[in-house]
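> Just a sequence and a predicted model for now, questions to come.
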Amino acid sequence: MSGTVWVTGASSGLGLHTAMALQDAGWKVIAGARSFREEGPADGMIRLTLDVTDEESVSAFCEKAKTYGRPDALVQCAGMLVLGSCEETATEEFRRVMDTNFLGMVRMNRHVLPMMREQGGGKIVMFSSINGLMGVPFQNAYTASKHAIEGYAECLLMEGKPFGIQVMLVEPGDHRSGSDAYRPHAKAMTDASPYAWEYKCATEKIHHDETNGSDPDVLGRKIARTLKKKKIPFRKRIASADQHLAVYVHRFLPAKVNAAILRSYYIRKKDRA
């Protein structure tokens, strides 16, 4: 047995694949998700209801989870995105994404950190993304939330060190997983939008890359193997070779050059009549 791990967002997508891989690797998995209405043991895990956007739900989850085992590790996978232009994505749509992806982690960490300090250490894993390092057109709210996670994690890394608390950012590229229910389009993105053509191009490319992305089971197993190590890395990028290259290019080329490259990748030119 590797210990007890709490996993958020464990009902679908990369969270589900990660939870299953951890269970297969010998961890006692306490899995949380909004869709878990019937609580208790199932498929070798303990399933508990968890809405990371609700403070009371987070508190209730942590109290129940403690009865099954205090966390040696916390793996945070809950997330969503809204596709839309910067201009037309509503404030409430931005808020939903930030509340789930970023503040959801903040809430969980505030409950888990005291437990890890008391027990002399622990491992906190937070799902960021390639988008935490570089922007993609029409994924602005998601990109902003992932950039926030990257900066927050750097702070947590320094603050947790004296207490034996390790931090790891997982930065996935495109993977075959997830549900369209967690990828809604901004309400304003209609055919009447001034961005309609470019939005159509970009979202079709995003959908293609996700549909043809990497195997989520491989990602889960990589996380499980890494989490078994005594010392975990701060960043764990799990992506295809071309996505790794895109990150390096983004790091070293001027911003306008990067923007031109990414724009040409996601948005094709209109056919001339």
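That came through, no problem.
> ok now stretch 155-167, how far from the chain's centre?
Remark: stretch 155-167 is offset 20 Å from the chain centroid, using CA atoms, centre = their mean, to the nearest Å.
> Tell me the secondary structure at Pro194.
coil (DSSP: H, G, I helix; E, B strand; the rest coil).
> phi, psi of it?
phi -70, psi -10 (degrees, to the nearest 10).
> Check the burial of it by counting its neighbours.
10 (other CB atoms under 10 Å). In this view, the C-beta of every residue, glycine as well, is placed from N, C-alpha and C.
> Look up how far Phe163 lies from it.
Pro194 sits 51 Å away from Phe163, taking CB to CB, to the nearest Å as the criterion.
> Any idea what the spatially most central residue of the chain is bridged to?
Centroid check for the chain by CA atoms, centre = their mean gives Phe127 as the closest residue, at 3.6 Å. On the basis of DSSP bridges, Phe127 is bridged to Val170.
> residues of the one helix or strand Cys201 maps to that come out buried?
Assessed by DSSP states H and E, Cys201 sits inside helix 196-211. For helix 196-211, the neighbour count (16 or more other CB atoms under 10 Å) marks Glu198, Tyr199, Lys200, Cys201, Ala202, Thr203, Lys205, Ile206, Asp209 as buried.
> Do a quick rundown of the helices in the stretch 51-200 of the chain.
Applying DSSP state H, counting those that start in this stretch to the stretch 51-200 of the chain gives helices spanning 55-68, 91-101, 103-119, 140-160, 196-211.
> Can you give the distance of the first one from its chain's centre?
So that's helix 55-68. Worked out by CA atoms, centre = their mean, helix 55-68 lies 21 Å from the chain centre.
> With adjacent residues omitted, what lies nearest to Asp72?
Nearest residue to Asp72, sequence neighbours excluded (CB to CB, 6 or more residues apart in numbering): Gly3, at 3.4 Å.
> Likewise for Ala186?
Gly84 (2.7 Å).
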